[in-house]
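>>> Here you go, sequence then predicted model.
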Amino acid sequence: MRLNDVTAQIVDAAYHIHQQLGPGLLETVYEVVLAHELRKRGLRVRRQVPVPVEYDGLKFEEGFRMDLLVEEAVIVELKSVEKNHPLHPKQLRTHLVLAKLPLGLVLNFGLERLKDGITRIANGLPEEPDPRSEKE
């Protein structure tokens with residue numbers, strides 16, 4: 001499956017969940033529900049995946065945890081906050097570099113309109129069309 005197809009499925013599932021559950025629940029609720037929805041669609045999903053960080057010749061086994069890793073290629077970082085924060089995409093970009101993965105999404109379920117809370121970050125890939133352009 002192409003990365004665009006994977007991200008389109010993730011975004012579509014997130015819209016479905018946001019419509020059903022609404023904004024403002026805990027991030028962990030959206031995490032378990034989104035993982036379930038993506039698995040129903042036939043995607044491979046892992047939750048709370050630890051990523052080691054190397055620094056100064058040392059390897060720290062748990063530098064950070066990915067909320068979701070989809071198809072071993074796309075990091076999904078979930079938020080449930082009232083406003084998007086400029087730090088969130090920066091963190092995701094760093095996570096992509098450290099994990100050596102090509103693509104990530106920040107999904108902020110805390111907003112009234114989910115489309116305002118979707119950020120796509122590519123790690124060294126040419127930009128592809130945004131899958132949310134056809135939503136809402």
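Perfect, I can see it now.
>>> Could you pull up the mean pLDDT of the helix ranked longest in the chain?
The residue-count maximum for a helix in the chain (DSSP state H) belongs to helix 3-21. On average, the pLDDT along helix 3-21 is 97.
>>> again, but for stretch 67-74
Here the average pLDDT along stretch 67-74 is 98.
>>> What lies in contact with it?
Stretch 67-74 is contacted from outside by 1, 3, 6-7, 10, 27, 31, 34-35, 38, 43-49, 75-78, 101-105, using Cβ atoms under 8 Å, 6 or more residues apart in numbering. To be clear about C-beta, it is placed using only N, CA and C from the backbone, and glycine gets the same treatment.
>>> Mind giving me the packing neighbours of the longest helix of the chain?
Identification of packing neighbours for helix 3-21 by 3 or more Cβ pairs under 8 Å, 6 or more residues apart in numbering; DSSP states H and E yields helix 27-40, strand 74-79, strand 103-108, strand 118-122.
>>> The first one vs strand 74-79, what angle?
This points to helix 27-40. Helix 27-40 and strand 74-79 meet at an angle of 150 degrees, taking axes from the mean of the first three to the mean of the last three Cα atoms, to 10 degrees as the criterion.
>>> Tell me which other helices or strands helix 27-40 touches.
helix 3-21, strand 45-55, strand 58-70, strand 74-79.
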